[in-house]
Structures are given as structure tokens and as C-alpha cells.
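>>> generate coordinates for the sequence data below:
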Amino acid sequence: MERAPYAADPAISRGREFVEDRRGPRGPRSEFQRDRDRIIHSIAFRRLAGKTQVFIAPDGDHYRVRLTHSLEVAQIGRVMARALGLDEDLTEALCLAHDIGHPPFGHPGEEALDGALQTRGGFDHNEQCLRTLMRLDSPYCTHAGLNLSWEVLEGLAKHNGPVNQPGWALEELDVAFPLDLARQPSLEAQVAALADDIAYDNHDIDDGLRAGILDLEQLLELDFVADQWRELEARFHGASRAALLRELVRGQIGLMVNDALETTRTRLADVGSIGEVRAASRPFVAFSPAMADQERALKRFMYANFYHHPRQTQTAERARSVVAKLFAAYHQDAALLPEPWRLALPDSEPGRSRHIADFIAGMTDHYAIERYREIFGKIPRGLTNV
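Here you go, the predicted structure:
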């Protein structure tokens, strides 16, 4: 599809923080293709295979983790970007990288680190994503980080829209490489954000039903879900419930994607440049009012019946405790840190605490559990909820 006039163009990228020597057999790739490839080949991306999506350290092979979630977001994002004439590679890079800043055990781990850094500026997984990609994951000889393009970093920084009050981590990075935080992000970033919502709204239903935490009868109390279910039962008469549930999830994704594309095309009707996108007072990529209401209702249902289910909250509390105790142990005795991290540990605060948080944030669920066993002599119990 022809590139739309409001799409990001890799040929006129705002560049990278560090100038690069491009000598060597690197192949004919655009700037955004290079970004996507750097993300896929990074250690931080590989670690997503061992990080919680919803279920902590799941025993089952069929439940999603951060990596599989990110791949599913990328698939939805590419479809939407192609339909809108946007840059698919930039969209994919943003989708693949958006969760890299999550610590072990997901949001409970984030809450523990935020509490540990309460007097040191706090912890935010979105800002940690930028910190990881720009400073911590450093495979190059000449500079820190992956040295991604401005457009990727800007899109990740504004994952939830313009940032008027950045935390300490993002503020430091923005001083080094200004990311125009107060303006709207590119349409590719807006697509990535909505693709994330579409993916987890529906795939969490799939995982929740599989685990037996969600009940189909409860789910069918949502009128728009019940309407689809009745239509599927009529269309696939005699199909098993398991097959119908998979059809339901696929159908929900399709409805949301098509609604967002139609709404976004209408909003973009008079837009002629990416500059107009950035200067706008609201995002252009969005659901229709009716679909937005349905999506909010679905989120309310998921929080009430799934995310805050007793099995979930009990496991989350144990996970918070593990991360908090790991932080306290490393802070009290730096000899417990692996040698590279110990040698780089700052002598004073807040750098000391932030360095320890960087180490813990990079852990997978199982690595955190193993470090806990190593330090405290026992494996924390009740850290899987499926």
C-alpha cells in the first residue's frame, strides 16, 4: 500500500542519539527495519519469554507471557498500519518493544520496585523500557544502548500519549536526546497503543477461561459479548464450546480492529502531514464512541472478575514480597550482586538504589525465584496461580 502523507518516513528520520559508522555488511534496510531487528536480537527482548503477562510463572505451556503477548500485539499493529498506509516496520518495532521495561511478576513486581524507590524517584515500567533500550542493553562497542531511532524512542516514551510530567528516568533520557514529550506521538505509536489494548482485552479472556478463573456465563452478562456468542452458536451449530470460545476471541479482535480503522480513517480525512498529527489536541487512532463504551465495560468486567480475583491477588501479594525482599537484600549486602553489577554499583544515592532496581527489573520470573532461593535458602511458595 502507498505510504500515506501522515505516515512516519524512515528516509527522513530525526536520527539517532549516537552517530554510527555504517561500514560493514549490514544489508539494505530502512532505519525502522534496523530498529525492529535490533529489538528482536536484544537480550531484553529475549527475556520477555520468562516474564509474567497475567499469570505468574505459569506451569501450563498454553498461557501467554510477555513475549507471546508482544508478538500478538505486533501482528495486530502491522495489520492496522498496513490498512492505514503507515510504516509497518516502525509500528512493529513499537509493538515488540513496548513491554520490555516490565520487571519480573508484572505489575506486582513493578509496585514493589516503586515502593523500594519511593524516596529515590519511584519506578515506572514504561520509563524503564526507555532506560533499558537507551542505556542498559548495550551490545555495541561505541555507545550505550541499542541506539534506536528518534521515532521509536518517541513512540515508546508516549505509549499512553503526551508526557507533561516525566519521572526521573525519562527526564534524564529526554535531556540527553529530546523526545518532544508534550506533543502527540506518531500515528504508528498510536496504532501500537491501541493494538496493545485490543490484544490484552481479548487474549486475557482466553487465558482466564482456560485457567477456570473466568466463567463463560459471567462473560455473557456483557450484552455485546452475548450477541456474538449467540451468532456463533447459530453459525457453528454443534461445535464444541472450546472451539466456539476461540471463535469468540478472534471475532472480538476483528470487530475492534475494524471499528478502530473506520473511526481513524474518518478522523484523518483532512490531515495532510505528520506535523498535523503531532500538533493535534487528541489522538487520531481510536475506537468509535460505541466501541469505546463496550471496551471500557469489558475492562471493568476483567478487573472485577479476573485481575482482582482472589487467586490472582493472593499470588500478586507473594510476588510483591519476593521483589521487595530481593531489593532489601541487595541493598543491605552488595556482595550478593553478580560481579558485573557489583563492580558498577554507585557509592551514593539515588544511583545505588536505582542500579539495584535496574538489576531486578531485568530478571525473569524464574530467575527472581532462583535468586530468592539462593539468598534465603527456600523457594517462595504459592508463586503460580495456574
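
>>> quick one: low-confidence parts of the stretch 251-386 of the chain?
384-386 (pLDDT under 70).

>>> the helices in the stretch 151-300 of the chain, which residues?
Ranges of helices within the stretch 151-300 of the chain are 168-176, 187-211, 216-219, 223-235, 241-267, 274-279, 289-302, based on DSSP state H, counting those that start in this stretch.

>>> contacts for stretch 143-150?
Applying C-beta atoms under 8 Å, 6 or more residues apart in numbering, the set of residues contacting stretch 143-150 from outside is 10, 13-18, 20, 31-32, 34-35, 38-39, 42, 93, 133-140, 177, 179. No exception for glycine: its C-beta is placed from N, CA and C like everyone else's.

>>> measure residue 158 to residue 94 for me?
Residue 158 sits 10 Å away from residue 94, taking C-beta to C-beta, to the nearest Å as the criterion.

>>> derive a ChimeraX selection command for the buried subset of the contacts of stretch 143-150.
The following ChimeraX command selects only the buried members of the contacts of stretch 143-150, with burial defined by 16 or more other C-beta atoms under 10 Å:
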select :10,13,16,17,31,32,34,35,38,39,42,93,133,134,135,136,137,177,179
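
>>> among the contacts of stretch 143-150, which ones are in helices?
Where the contacts of stretch 143-150 overlap with helices, as defined by DSSP state H, the overlap consists of 31, 32, 34, 35, 38, 39, 93.

>>> middle-most residue in this protein, spatially?
Using C-alpha atoms, centre = their mean, the residue of the chain that lies closest to the mean C-alpha position is residue 99, 2.7 Å off.

>>> can you tell me how far that one sits from residue 334?
The span separating residue 99 from residue 334 equals 29 Å under the rule C-beta to C-beta.

>>> quick one: contacts of stretch 287-306?
Contacts of stretch 287-306 with the rest of the structure, by C-beta under 8 Å, 6+ apart, involve 54, 194, 197, 201, 204-205, 208, 213-215, 218-219, 221-222, 224-225, 255-256, 259-260, 262-263, 286, 312.

>>> mind saving the C-alpha coords of it as CSV?
Below are the C-alpha coordinates for stretch 287-306, written out as CSV (Å, rounded to 0.1, in the frame of the first residue of the first chain):
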residue,chain,number,x,y,z
PHE,A,287,-12.5,3.4,18.7
SER,A,288,-15.9,4.8,17.9
PRO,A,289,-17.8,6.1,21.0
ALA,A,290,-20.0,2.9,21.0
MET,A,291,-17.0,0.6,20.8
ALA,A,292,-15.1,2.6,23.4
ASP,A,293,-18.0,2.2,25.8
GLN,A,294,-18.0,-1.6,25.2
GLU,A,295,-14.3,-1.8,25.6
ARG,A,296,-14.5,0.1,28.9
ALA,A,297,-17.2,-2.3,30.1
LEU,A,298,-15.0,-5.2,29.2
LYS,A,299,-12.2,-3.8,31.2
ARG,A,300,-14.4,-3.2,34.2
PHE,A,301,-15.5,-6.8,33.9
MET,A,302,-12.0,-8.1,33.7
TYR,A,303,-10.8,-6.2,36.7
ALA,A,304,-13.7,-7.3,38.8
ASN,A,305,-13.7,-10.9,37.8
PHE,A,306,-10.2,-11.7,36.7
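
>>> all set, thanks.
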